[in-house]
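J.: how would this look folded up:
(2 chains)
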Protein chains: 2
Amino acid sequence: MNKDGFLIVVSGFSGAGKGTVVKRLVEEYGYSLSISATTRAPRDGEEDGREYYFKTVAEFQNLIDYNGFIEWAQYVDNYYGTPRKFVENEMKAGKDVILEIEVQGAMNVRKQYPNALLIFVTAPDAASLKSRLAGRGTETDEVINKRMKRAAQESDDIDAYDYIVINDDLEECVKTVHSIIVSNKSLRENNLEFIDKIKSELKGL
Amino acid sequence: MNKDGFLIVVSGFSGAGKGTVVKRLVEEYGYSLSISATTRAPRDGEEDGREYYFKTVAEFQNLIDYNGFIEWAQYVDNYYGTPRKFVENEMKAGKDVILEIEVQGAMNVRKQYPNALLIFVTAPDAASLKSRLAGRGTETDEVINKRMKRAAQESDDIDAYDYIVINDDLEECVKTVHSIIVSNKSLRENNLEFIDKIKSELKGL
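T.: Residues are numbered from 1 along each chain as shown, chains lettered A, B, ... in the order given. Take a look at the predicted model:
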């Protein structure tokens, strides 16, 4: 019922599979995906403009100065940001845009876009989160423990999200997130124009 | 994620097709439908326990006295009410229960069940609402005009609903209402127990 597309923020614990969920949402339902910019070095197999836009620190800071990001944040030594232009163009074209970002960025998005939908993806429990992190086989115990500690901290941030979706079965989880996005369009507060219109039509008859 | 089922209130203008929407939701997705009790006389083809439970005024008042209704209301000369026992049993059994009731009842339900989901079904505009009412062919101009006046009054009640769904295409509308119900289960405030659990698991590790 809205002309403009919506902004959907998907966050979640590392190891909760949010990257796969987002990928499936784009494939299955044609959502538009925002690609973040970062100053961290590309990893093997990563491509500029696919996983991230890779920027130098100077380039990134220039983009900050020119209001080029909807939100940006620093994690450890690297910067991460959501390019403004892509997101705003897509939304104006009526497309729903998914941002896969961290909680800090999610809070900044909410401030600027009060209608943004904030979704937190979680594993069904802490044990399965840990086993998924270990199961990747690419991380040392130290890294896994560090991530579990970070998940413990991040768990307090769930309180700032609108929805929490358990990723137990991937396809179920994808369907649920899609349902949340669909239903969001029918929220009364997202249809105030339509409501005003039908009220005045009915009263004018 | 919740054990108990949810209560879903579907209201809407007369002629918006909410009855058909509700019927399809039950058929397609297995929702449980609450049958209202009424003191009005059965119409041709109506069956006790299918469209309504038909009661005498004395029976109805006795049920009021014994707290037998979740909500009840009087329209013109007839009483209408939602039997409490069925709804509560179904919810305890984990079933989502749909109530197709008027706005006055919806407000009473919300007071008792703050988690109840309130959905308002509307036609795309006033003109199509009127032509649907006329299209039935069973109503006089006087009745149609009376209903349109009532719709004008009821339109102010939309403000009390969580969601507004336009019934332009029946199957789309049914899918949207189903999505709203699915997404409601993932609302953060409907998962506080789960959130507490995973927080303490993560912090205890």
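
J.: Residues contacting stretch A:16-25, please?
T.: A:10-12, A:31, A:33, A:98, A:100, A:121-123, A:129, A:132, A:167, A:170-171, A:173-174, A:177-178 (C-beta atoms under 8 Å, 6 or more residues apart in numbering or on different chains). Glycine gets a C-beta too; all of them are placed from N, C-alpha and C.

J.: start to end distance for stretch A:64-73?
T.: Using C-alpha to C-alpha, to the nearest Å, one end of stretch A:64-73 lies 10 Å from the other.

J.: what's in contact with that stretch?
T.: So stretch A:64-73 is contacted by A:37, A:60, A:62-63, A:79-85, A:87, A:99, A:101-102, A:104-105, A:108-109, A:112 (C-beta under 8 Å, 6+ apart).

J.: ok, of those, which come out buried?
T.: With burial judged by 16 or more other C-beta atoms under 10 Å in any protein chain shown, the buried subset of these is A:37, A:60, A:63, A:79-84, A:87, A:99, A:101-102, A:104-105, A:108-109.

J.: Just to be sure, which of the residues you listed are found in helices?
T.: A:60, A:63, A:84, A:87, A:104, A:105, A:108, A:109 (DSSP state H).

J.: with these in mind, which one is nearest to residue A:4?
T.: Residue A:4 lies nearest to residue A:87 out of these, by C-beta to C-beta, at 11.5 Å.

J.: Give the full set of residues in contact with the closest one.
T.: Neighbour list for residue A:87: A:7, A:34, A:70, A:97, A:99 [criterion: C-beta under 8 Å, 6+ apart].

J.: And the strands in chain A, which stretches?
T.: A:7-12, A:32-33, A:37-38, A:53-54, A:69-75, A:78-83, A:97-100, A:117-122, A:163-166 (DSSP state E).

J.: Would you mind finding the most buried of the ones you listed?
T.: Highest mean neighbour count of the strands of chain A: strand A:117-122, a mean of 27 (counted as mean count of other C-beta atoms under 10 Å in any protein chain shown).

J.: which helices and strands does that strand pack with?
T.: Packing contacts for strand A:117-122, counted by 3 or more C-beta pairs under 8 Å, 6 or more residues apart in numbering or on different chains; DSSP states H and E, involve strand A:7-12, helix A:103-112, strand A:163-166, helix A:170-184.

J.: Could you check stretch A:20-30 and say which residues are buried?
T.: Going by 16+ other C-beta under 10 Å, stretch A:20-30 has these buried residues: A:21, A:22, A:24, A:25.

J.: Taking those, tell me the two that lie furthest apart.
T.: Largest pairwise distance in the buried residues of stretch A:20-30, by C-beta to C-beta, is 7.3 Å, between A:22 and A:24.

J.: Flag the shaky bits of chain A, pLDDT-wise.
T.: A:1-2, A:136, A:205 (pLDDT under 70).

J.: now with 80?
T.: A:1-3, A:76, A:135-139, A:205 (pLDDT under 80).

J.: Which among the helices and strands packed on strand A:117-122 is found nearest to residue A:153?
T.: When these are compared by C-beta to C-beta, helix A:103-112 sits nearest residue A:153, at 9.5 Å.
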